[in-house]
Structures are given as C-alpha cells and as structure tokens.
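Q: for reference, the sequence and a predicted model appear below.
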Amino acid sequence: MKKKAPPARRQKKPAKVIRAKSTASPAATAFPIVGIGASAGGLEALEQFLGHVPKLSGMAFVIVQHLDPTHKGIMSELLQRTTGMKVIQVKDRTPVGPDCVYVIPPNKDMSILHGVLHLLAPAAPRGLRLPIDFFFRSLAEDQQEHSVGVIFSGMGSDGTLGLRAIKEKAGVALVQDPTTAKFDSMPRSAIAAGLADIVAPVDELPGRIMAYLQRTPLVARPEAAGEDKTQSALEKTVTLLRAHTGNDFTFYKRNTLYRRIERRMGIHQIAKMAGYVRYLQETSQELDLLFKELLIGVTNFFRDPAAWDQLRDQAIPAMLARRSSGQALRAWVPGCSTGEEAYSLAIVLKEAVEAIRPKVKCAVQIFATDLDKDAIEKARQGVFPANISTDVSEVRLKRFFIKEEHGYRVRKEIREMVIFAPQNLIMDPPFTKLDILSCRNLLIYLTPEVQKKLIPLFHYSLLPGGILFQGSAETIGDCTALFAPLSGKSRLFRRTESMARSEQIAFPTAFSSDAASSVETHPTMTKAPASLQSLADQMVLQSYAPPAVLTNEEGDIFYVSGRTGKYLEPAAGKANWNLFAMARDGLRYELAGAFKEALRKKGSATLFGLIVGTNGGTQHVDVAVRRLDEPGPLHGLLMIVFTDVAAPVTQLAAGRPLKLHARSPRLRELEQELLRVRGESRATHEEMQTSQEELRSANEELQSTNEELQSTNEELTTSKEEMQSMNEELQTVNAELQAKVDQLSQASNDMKNLLDSTDIATLFLDKDLNVRRFTPQATKIIKLIASDAGRLITDLASELRYPELADDARDVLRKLVAVEKPIGARDGRWFTVRIMPYRTIDDRIDGVVITFVNITVSKTLEGKLRDKHAVLERHVAEQDTQLERRKRNAKIRL
C-alpha cells in the first residue's frame, strides 16, 4: 500500500519568527511578504484567514482587493477587529515590516520595490483594471523565489497572470478551495491554469504557508550542491523523470533544477531531497507536476518589437533578394510553447513577402516544436485571450485574427503556415535546409556545454545566408566564426561559411548512427566519369596556376590550391591551420600587414619581392591578398595567392660582383643592423603572441563568468517577458483551456443530438445546392437517406408542391435576404418553408439553411374557419333577402 503525501501541519502555537533563508536576490527582505488577492465575497475569507495567523508570525501581508473608487476605504478598520497584527491602509512609499497587514486604498494600483510599497494612479479605465495581477507581478520581481501569492473569493480571473509571474520566479501560489468561496471564478481560474501549488480551505492556508516557509532552501546552501548525498538525490530525481516522461533533464542548469525541486519539497513539507526522491517513487502524479514545473513556458506575441521590425524590414528582404520567386521559405521555432512566437514569425513573413512580392505567391513553411505536448495542443488550436491586443497592433488583429467571444482566433491563412510537433531539441533530429531559425530564450535554461553543441547544430541546419534569431539574454558564445550579427547589438545573426567539418558538429544521439553510416558509405560511391574539359582544367590548375589559400577574417585556412609547401609549413605542437602560424620566415610579418590592409580597405593588397626561406635556400615571392565581397558562398573570405619571381638583376651581373667595393663595409653594417632589428622584431612578436594567448585565456574566463551571470539572471529575464502584458482579459483562462479534439467531437455530438431532438425539419445546402446535412424530420418531407449527402436538392423526390425551391434558394444566396412561404404537400400537410443564408464564423456565406415548420393544424383550423365564415355569409345573405322581401310586401300592402 502506497504512502500518502505528508499532511499539512496545523499551527496550534504561535510560530517562530520566519526569516528568508536565501541570498539569491538582493532585493528580497529578511522576512516573507505574502500577497493576497480578493474580490467579491473576499471580506469573510480575509477575516477567517487573518484570524488563524499568529500575532508574531514574522510575516507581512499585503492585501489587494477590488474596491469602489468613489468610496472611502474602511477595509483596514474591519480587518483590525479580527487580528492582533497592526492593519495599515497603504500610503505612497510605505515600507513593509513583519507582523503587519497592509491594505490597498481605493482607486489605486500598488507595486513594491525593495520592500517599499508604491501607489500609482490606475492606467486602465474602471471595469478593466487588474490590480491583483499588477501587484503580484511586482511582488515576484522584487522578492524573487521568496514571493508568496494567495487568491481568495472573487469574480473574473484577476490574479491568474500574477500567480504565473510568481511561479516563474519559483515562488509559491496558494488558492482558496472553490467549494468554500462565495464567488469561485478567481480561484477556479487559477486552478484551471495549473498555477495552484496548494488548494485548501481558508482556515488551513496560514499553517500551510508557515510550513512551506520553514524549509531549508537548497540553492541558499552552496555546499549542499556539492555533497554526495544531495548530488545523488538530484541524479535519482532526473532518472525518475526520464523513466516516467521519457525526457532527460541532465542538461538543465543545476540552479534551475534545485530551485524547482526545492519549491515542490516546501509545498509537501519534505526536509531532505532523499525524502522527496522516495515521495516521487511512491507518487506518479508528483512526477507529472515536477515535469510541468521544469517546463518554463514564458512567451507572448512579438517580444522585443524592435528585433521583429529589423527581421521584417532588413533580414527577410535581403534573403528574398537572393532567392528565386518560386522557392519556398522554411523556418524552425524550437521551444515554441503555446505558439505565440511561431505565429508572430508567420505574420512577419507574410507582411514582408507581401511588401516585396505582392503579386507572387511564396510558400512559407514554419516548423514549431516543443517538449510540452499540452502546450503543443494549445498552440494547434490557435486561440488566444483578448489581452493580446497589448502586444498585437490593431491593424494586425484585424488582418490576421478573428474576434471571438472570449478572445481571438488565428486566421486560417496564418494557421496553415505553421506545423506544430512535439520534439526534444537535445535528443531528436533537427530540421534542416532552413532559412530562419528562431530560438529565443531557450538556451538560457541549458548548461553552457549544451549551448556550445547546439550553436554549431543550428549552423548546420541553416542554409547559407540563413538567419538565427535569438532572445535578448542569449549569445552565440565563442562561435563567432559560425555567425555574424546583422548590426551592433542585434539579436539577428547571419550564417557564415565557416567550412566547418561534419565531425566538429555534435549531432543528437537519436540520429548520430545514421549520420555515421552515411559518412562510411560515402567513399564507396561510384564517381561520375570526368569530362575532357574538367580534366584539362585540372591539368591547367596543377601545372600553371599559382598556389593559393582561402581563409576567413581570422586567417583560418579553409581551402588550399596547388603546392604551398614553399610558403607554408605546419607549426610545431598542436595542429594549427592558421595562415600566420604556418607562414615561413620572411613571409610571416609582411603577410600579416597586407592581410590587415586588405581587410581594412575591403579590397586587395600586394607584396613584391619578398625573400622566403625554403629548405636550405631562399625564394623571391610576390603575394597578393584579396577580400572576396561578391555575393555567394565565398562572401567575406580572403584569397592569398603566391607567385614565384626571379631574383633582382642588381644582385648578380654575369657571375661577377657588382662594383660596390667602396660601400661594402657600409652594406655589411646595414645588413647586420637589419638582422638585429629582425631578431628584435621576432622576439617582440613572440612576446605579443604570448600576451595574446594570455588575453585569450582571460577572455575565456570572462566568457565563463558571463555564462554564470546569465544563469543567475535567467529568472529575471523570464519574468520581464511575462510582465510585458499588463491588462490581462478577465476570461483569459477560459480561452487558454479551449476544448481539445475530443471536446470538439463531443460538441459536435451535442449539436447533432440537439438537431435530432427538435420537431423542426432542417436541411443544410452548400453554395451549389448540394445536401450537406439534414435532421430526421426532414426525411418525412423530402426522400432523404444518409448516402444523399452531396447530391443536388433538385435530384431528390419531395412531398412538397414547391417546384420553385431551388430558384428561391439561389435568390437567397444572391440577395442574402431570407424567404418564407407556406407550402402544401401532396398528402394534405402544410409547412412554413423558411430559407436563410448559412454564415460561417468568419462571416462567409457558405450555403443556405431551410427549415420546414408543420402548420397543418393551423391550416386545418383556417379551412374550418373559412367554411364557417362562408356558412355565416350565406345565412346573412338569406336573412337580408327575406328582409328585403318583407319590405316589398309591406309596401305593396300600403
């Protein structure tokens, strides 16, 4: 029998003063600050909650409630009756202290900075304000992993996004049990979004908070991470996750793993990691929750708008200028989460293509992948809350979205551009032959070793000139030879031709064997027979073309043409294919100067008559260095050409020395001085190389330090991205939890049963008047069977005396005006036939709907009334006739 989760401990005695035990955030106070959000029905919950908090709890409570902006706030007086702590209505710049309760005043928004509460005038109009979300985001940013958020009774969904920000910072989220709340919309919204760590009645929440805060943080004890027991427990946790979910978190940064595991341990009041490992073994549901905890999905439309504008206005037009009109664009968005990033890329590509080639249809294919299958399902639905209007312009909303009751749906033309699929970036094969790769704020959660392997893999996946789009907190590290920034601090990088060999790329293990097998079979491939022209060209190159090498801007050799042994030789020690390390004596220093000159001028530089020391002799050489700026694969590389030349004639004259006897001593003196200067120059150059090596080592240490700083800053970055949206629509969660495929199927079944249960015969026709759907009652009027779907209505037999049915339906499609007529049947029945246009969700006319209401009873009554009316008229006529006859008789008597 499995053990149950450790029960929550009720606080019967005043708790000890609680102090935060982590030093991860300098902004965090020495005591916990608990943010509480409440709305309608929240007063009773607040009184009950504060009544169970000890007077000396060591915590501070900040209450944010929806208050009437036109009335004076008396919340502090009401709450003071129920607690021994001091209750204060907040004024601007109020410092927060322990064992106090702080209440927001009416008609204000509130934030916190370094433990001080600040009041702001509301930016949103009344009815659209979300003060709980606003404060919770501020609390998460200020208190980091120490932040605690509590949601009580209320209407709407205010607080849900704030809890999401707290969770992103590894804080804890508590929610009142909806069954105990007067208004359960706010609690249910937080629970439905999967943000509630603890759900309990109000009177139990204080004890759960204090039990959570009394934990010992793992990250706060650096020595704990190095202990064998803690390390072993972490490895066991990762192993259990891999066995349960099939995903390996070994490549996650350790601090991220520790913080997320520490949160779950605090929630379950487990003191040691060994105990938590045992709890994971006994509770599979906890493995699912921890898996969700580690998948940090922060995304929104058009993060960093300036970067998206640069992609649309500069990068994509330059890419399209190099491509043929019929060639499709391919892109990949790894770590797409719920799809905002992928749809943003689709919209930007659509806008750029239409601006450059408005009359040419260009196919666009975007692959969006993520480890979270639930997030992929939401992305496939393409439904987003109404608050995306803060990130998406009004023009784009009208152009690329359809307004629905609870938000916006991506239009079909954008949805069809994106293909969503689950994928493990580290283990699964990558997509290749890409034009754009958008990997934004994903690498910051992975170890530096994995980042160094993924960047070359991205280079392999992109086509020449392809674009790598990174987040604001990410860099390409020391892979500067693989990618070049488009400009300055841009997060857009263009793939360069580094000529990297395939063995330098660390492919995922899932397909490394395939890659190895393909390499092994390559030498055995049959070579195509060479043509006469190619053989002649090869002979000319070998016999007459001067030797040359192709390098990048750092001098790394990519290609060698001809015999260059007289000018270049391998350097001693570790293999080094750098031009300057391999240059022979007499060529090294002069070549370096010409190389820099060619780079500076972006043109050519030539050296004449250099004396190069060869094996036991010398050789005079002309050297030409040229930078290749022509568009194409060689763009940005340098070509160095070596040409042998004859010795100057002035040195020898028919084998006799020149007549310079008088100046010979001076020449010897100059030669000795030249040799001395060259020796000093060589020594200086060697010292400079040594200094460069030391600087390179220092630079690598700085890069390592920078990566550690990125790790420390990762949580701040993710929270900043989440806080870009400040006006979350009240029903966000309802839209985010849009029914999946099975729910849509259930809705379809409900609709079918609804149509079948009505007594009104209904017939659906498409634009061509073909039968699309009908109710069972319609079969009693028109001879319909299930296989008649798709047949013309005019081909079917009908009991109606209505030959104009098809003509009237076409008139409705043309005029978009409903038609209604009473029509009789051959068996004596009567129907009111109503023909209406069939409108789709996006306001398109896609056929007609015909309803047949049986009015036989009313027609029968109408006939009877008409008969009775005729009898009455005959009776009245007879009476009138008799009356006239009597009048005539009376006149005759007179």
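A: Here it is on my side, so go on. Owing to the predicted nature of the structure, the values given are computational and were not obtained by experimental measurement.
Q: Ala328 and Phe580, how far apart?
A: In this structure, Ala328 and Phe580 are 43 Å apart, going by C-beta to C-beta, to the nearest Å. For every residue, glycine as well, the C-beta is placed using N, CA and C.
Q: typo on my end, Leu320
A: Distance of Leu320 to Phe580, given as C-beta to C-beta: 39 Å.
Q: more neighbours, Ala328 and Phe580?
A: Here Ala328 and Phe580 are set side by side on neighbour count (other C-beta atoms under 10 Å), and the busier one is Phe580, at 18 against 10.
Q: so who does that one touch?
A: 555, 588, 591-592, 595 (C-beta atoms under 8 Å, 6 or more residues apart in numbering).
Q: and the pLDDT for it?
A: Per-residue confidence (pLDDT) for Phe580: 85.
Q: with Thr758 instead?
A: Value for Thr758, per-residue pLDDT: 69.
Q: which stretches in the stretch 501-650 of the chain count as helices?
A: Shown for the stretch 501-650 of the chain, the helices assigned by DSSP state H, counting those that start in this stretch span residues 509-521, 532-543, 579-582, 588-601.
Q: what's the last one packed up against?
A: In other words, helix 588-601. helix 579-582, strand 604-614, strand 617-627, strand 638-645, helix 664-722 (3 or more C-beta pairs under 8 Å, 6 or more residues apart in numbering; DSSP states H and E).
Q: can you tell me the average pLDDT over it?
A: Confidence over helix 588-601 (mean pLDDT, whole number) is 83.
Q: returning to what we had before: buried subset of the contacts of Phe580?
A: Members of the contacts of Phe580 that pass the buried threshold by neighbour count (16 or more other C-beta atoms under 10 Å) are listed as 555, 588, 591, 595.
Q: dump these into a markdown table; add distance to Pro69 as well.
A: Shown next, in a markdown table, are these (distance: C-beta to C-beta, whole Å):
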| residue | distance to Pro69 |
| --- | --- |
| Gly555 | 69 |
| Arg588 | 78 |
| Leu591 | 76 |
| Phe595 | 71 |
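Q: could you export stretch 783-799 as PDB, CA atoms only?
A: The C-alpha trace of stretch 783-799 is given here as PDB (Å, rounded to 0.1, in the frame of the first residue of the first chain):
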ATOM      1  CA  LYS A 783     -37.000  11.500 -49.700                       C
ATOM      2  CA  LEU A 784     -33.600  11.600 -48.000                       C
ATOM      3  CA  ILE A 785     -31.200   8.900 -46.800                       C
ATOM      4  CA  ALA A 786     -27.700   9.100 -45.300                       C
ATOM      5  CA  SER A 787     -26.000   8.500 -48.700                       C
ATOM      6  CA  ASP A 788     -27.700  11.500 -50.200                       C
ATOM      7  CA  ALA A 789     -25.200  13.900 -48.700                       C
ATOM      8  CA  GLY A 790     -23.500  15.700 -51.600                       C
ATOM      9  CA  ARG A 791     -26.500  15.300 -54.000                       C
ATOM     10  CA  LEU A 792     -28.400  18.100 -55.700                       C
ATOM     11  CA  ILE A 793     -31.600  19.000 -54.000                       C
ATOM     12  CA  THR A 794     -33.300  19.000 -57.400                       C
ATOM     13  CA  ASP A 795     -32.400  15.300 -57.900                       C
ATOM     14  CA  LEU A 796     -34.400  14.300 -54.800                       C
ATOM     15  CA  ALA A 797     -38.200  13.500 -54.700                       C
ATOM     16  CA  SER A 798     -40.300  15.700 -52.400                       C
ATOM     17  CA  GLU A 799     -43.800  15.600 -51.000                       C
END
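Q: which residues outside that stretch are in contact with it?
A: Under the contact criterion C-beta under 8 Å, 6+ apart, stretch 783-799 has outside partners 763, 765, 768-774, 778-782, 805-806, 809, 825-827, 829.
Q: before we move on, what about stretch 548-555?
A: Identification of contacts with stretch 548-555 by C-beta under 8 Å, 6+ apart yields 481, 496, 498, 557-562, 564, 568, 578-580, 595, 599, 634, 636-642.
Q: at 7 Å what do you get?
A: Here stretch 548-555 makes contact (C-beta atoms under 7 Å, 6 or more residues apart in numbering) with 481, 498, 557-562, 564, 578-580, 595, 599, 636-642.
Q: of those residues, select the buried ones using a ChimeraX command.
A: In ChimeraX syntax, the buried subset of the contacts of stretch 548-555 is picked out as below (16+ other C-beta under 10 Å):
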select :481,498,557,558,562,564,579,580,595,637,638,639,640,641,642
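Q: got a list of what Phe97 touches?
A: For the record, residue 97 is Gly, not Phe. Counting by C-beta under 7 Å, 6+ apart, Gly97 touches Ala60.
Q: which residues in the stretch 51-200 of the chain form strands?
A: Remark: strands of the stretch 51-200 of the chain, listed N- to C-terminal, are 60-65, 86-89, 94-95, 100-103, 109-113, 116-120, 148-151, 172-176, 198-200; assignment by DSSP state E, counting those that start in this stretch.
Q: now for the third one, which elements pack on it?
A: The reference is to strand 94-95. In this structure, strand 94-95 packs against strand 116-120, with contacts taken as 3 or more C-beta pairs under 7 Å, 6 or more residues apart in numbering; DSSP states H and E.
Q: got the helices and strands packed on helix 588-601 as CSV, with distance to Ile356 columns?
A: Converted to CSV, the helices and strands packed on helix 588-601 look like this (distance: least, C-beta to C-beta, whole Å):
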stretch, distance to Ile356
helix 579-582, 40
strand 604-614, 34
strand 617-627, 29
strand 638-645, 32
helix 664-722, 30
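Q: tell me which of those lies nearest to Thr881.
A: Set against Thr881 and scored by C-beta to C-beta, the helices and strands packed on helix 588-601 come closest in helix 664-722, at 94.2 Å.
Q: buried ones among the contacts of stretch 783-799?
A: Here the buried ones among those, as counted with 16+ other C-beta under 10 Å, turn out to be 763, 765, 769-772, 774, 778, 781-782, 805, 809, 825, 829.
Q: so which of those residues sit within helices?
A: With DSSP state H as the criterion, helices contain 805, 809 from among the buried ones among the contacts of stretch 783-799.
Q: in strands only, show me the buried ones among the contacts of stretch 783-799.
A: Among these, the members found in strands (DSSP state E) are 763, 765, 771-772, 774.
Q: and the pLDDT at Ala27?
A: At Ala27, the model reports a pLDDT of 46.
Q: count of residues packed around the closest residue to His71 other than its chain neighbours?
A: Of all residues not flanking His71 in the chain, Pro106 sits nearest, at 6.4 Å (C-beta to C-beta, 6 or more residues apart in numbering). Other residues near Pro106 come to 16 when the count uses other C-beta under 10 Å.
Q: which ones are touching Pro106?
A: 67-69, 71, 73.
Q: which among those end up buried?
A: The neighbour-count test (16+ other C-beta under 10 Å) applied to the contacts of Pro106 identifies 67, 73 as buried.
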